[in-house]
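K.L.:
Below is the sequence, then the predicted model.
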Amino acid sequence: MSVKKNFVDSHGQSEVAFAFCHLLGFQLMPRLKAIKRQKLYRPLAGSNDAYHNLQPVLSRTINWDLIRQQYDQIIKYTTALRLGTAEPEAILRRFTRANVQHPTYQALGELGKVLKTIFLCQYLHSEALRREIHEGLNVVENWNSANSFIFYGRSSEFSSNQRSEQVLSMLSLHLLQVCLVYVNTLMLQSVLSESHWSSQMTTEDKRALNPLIYGHVNPYGIFPLDMNKRLKIEQQVA
């Protein structure tokens, strides 16, 4: 998979995440709800009087020296993530095992502050960017919603810590995903093959077509109930 952009909600972003995503070659694209609480970091020391209109949202200066000092370590951990020789959780545990004062963790935070400041400026300036993020995130949330619906057992969580059972659960979920999308696609094609319906579709309507629908699915099976028949459960008289 060639990832170019990763759309997330507010809780899916952090300064360290901005840094790692950039180093791994793709953009972190969060939809920020609490935009009024975000801060922009100053690029250079001694520029406290610059950007007069931005003073209320400006914070301290970026620590470029720390980024330079920890550059080799930053690249080492990023390469481990890219090659899959280390899990993200393992790396973050190493950073936060004792406290958050790990110098490489701090350097990643500084780099993330740079990237997040650039992103915030673009996010506030470009309505097209905000629309793109909103549309992309809606697709992701719709997909996650569909997954939660079809993978409903045990609150949609991997309850086992056995890798083999986790793999089996994930493969089962993938099979359900493929079946859902395939059947829905056939159903949409069948409806749109009728000129009565296809002629009413505008370009915007076609853009909104999505096989991730599940309102017509009963995940628990069908249990027919015949109200005209009684169960033979009366007490037998000896």
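P.N.:
Received, thanks. Residues are numbered from 1 along each chain as shown.
K.L.:
and the helix-or-strand element of the chain with minimal mean pLDDT, what other elements does it pack with?
P.N.:
One helix or strand of the chain scores below all others by mean pLDDT, DSSP states H and E: helix 88-96, with a mean of 78. Packed against helix 88-96 by the contact rule (3 or more CB pairs under 8 Å, 6 or more residues apart in numbering; DSSP states H and E) you find helix 71-83, helix 103-125. Yep, even glycine has a C-beta here, placed from its N, CA and C like the rest.
K.L.:
contacting residues around stretch 6-13?
P.N.:
The contact list for stretch 6-13, computed with CB atoms under 8 Å, 6 or more residues apart in numbering, reads 21, 26-34, 116, 133, 136-137, 139-141.
K.L.:
swap in stretch 121-138?
P.N.:
K5, F7, V8, D9, M29, P30, R31, L32, I35, L40.
K.L.:
domains in this protein, as residue ranges please.
P.N.:
The record's domain split for the chain, according to automatic domain parsing, is 5-125, 135-207.
K.L.:
and the ones you listed, which is most packed in?
P.N.:
domain 5-125 (a mean of 15; mean count of other CB atoms under 10 Å).
K.L.:
quick one: terminal-to-terminal distance for it?
P.N.:
Start-to-end span of domain 5-125 (CA to CA, to the nearest Å) is 19 Å.
K.L.:
Run through who's touching stretch 35-43.
P.N.:
32, 48, 50, 54, 57-62, 113-114, 116-117, 120-121, 123-124.
K.L.:
any chance of the domains of the chain in TSV, plus distance to D226?
P.N.:
Below are the domains of the chain laid out as TSV (distance: least, CB to CB, whole Å):
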stretch	distance to D226
domain 5-125	47
domain 135-207	27
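K.L.:
For N228, which of those domains is the nearest?
P.N.:
N228 lies closest to domain 135-207 among these, at 32.2 Å (CB to CB).
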